[in-house]
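Participant: Following is a predicted model, sequence given first.
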Amino acid sequence: MSAAPAPPPEPLTPEACAQALDVSRETLGRLEAYVALLRRWQTRRNLIGRGTEGDVWRRHILDSGQLAAHLPPGARRLVDLGAGGRGPA
């Protein structure tokens with residue numbers, strides 16, 4: 001008999017995401033504006049997968065933001081090489 005799958009984690013809050021990424025209040029405000037636009041346009045353009053809509057902060061903002069620690073110092077441009085309908089990955 002197999003064990004029941006673990007329940008999904010609670011959605012990440014904007015504040016918890018900002019703390020995990022170590023961003024300022026100003027950056028958090030910009031990210032909140034981005035998420036609001038993403039949710040607004042999601043109904044028209046299917047920008048993110050339906051299964052990730054409930055946890056945008058973990059599945060999109062944190063997933064993309066954690067890459068910042070690996071950027072070379074002074075990097076000013078990024079290129080998204082085919083992430084599909086998601087943010088940079």
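Facilitator: Nice, I can see it. Residues are numbered from 1 along each chain as shown.
Participant: Helix or strand for Cys17, just tell me which one.
Facilitator: According to DSSP states H and E, Cys17 maps onto helix 14-21.
Participant: tell me which helix or strand of the chain sits lowest on mean pLDDT?
Facilitator: In the chain, the helix or strand scored least confidently by mean pLDDT, DSSP states H and E is helix 63-65, which has a mean of 90.
Participant: Quick check, pLDDT for the residue lying closest to Arg39 once chain neighbours are set aside.
Facilitator: Nearest non-adjacent residue to Arg39, counting by CB to CB, 6 or more residues apart in numbering: Val56, 7.2 Å away. To be clear about C-beta, it is placed using only N, CA and C from the backbone, and glycine gets the same treatment. Val56 is assigned 95 on the pLDDT scale.
Participant: Give me the contacts around the helix or strand where Val56 lies.
Facilitator: Secondary structure assignment for Val56, by DSSP H and E: helix 56. For helix 56, the surrounding residues in contact (CB atoms under 8 Å, 6 or more residues apart in numbering) are Pro11, Val35, Leu38, Arg39, Ile48.
Participant: If you rank those by neighbours, which is first?
Facilitator: Ile48 (19 neighbours; other CB atoms under 10 Å).
Participant: Ramachandran coordinates for that residue?
Facilitator: Backbone geometry at Ile48, expressed as degrees, to the nearest 10, gives phi -130, psi 160.
Participant: quick revisit: okay if I get the contacts of helix 56 as CSV plus secondary structure?
Facilitator: Formatted as CSV, the contacts of helix 56 follow (DSSP: H, G, I helix; E, B strand; the rest coil):
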residue, secondary structure
Pro11, coil
Val35, helix
Leu38, helix
Arg39, helix
Ile48, coil
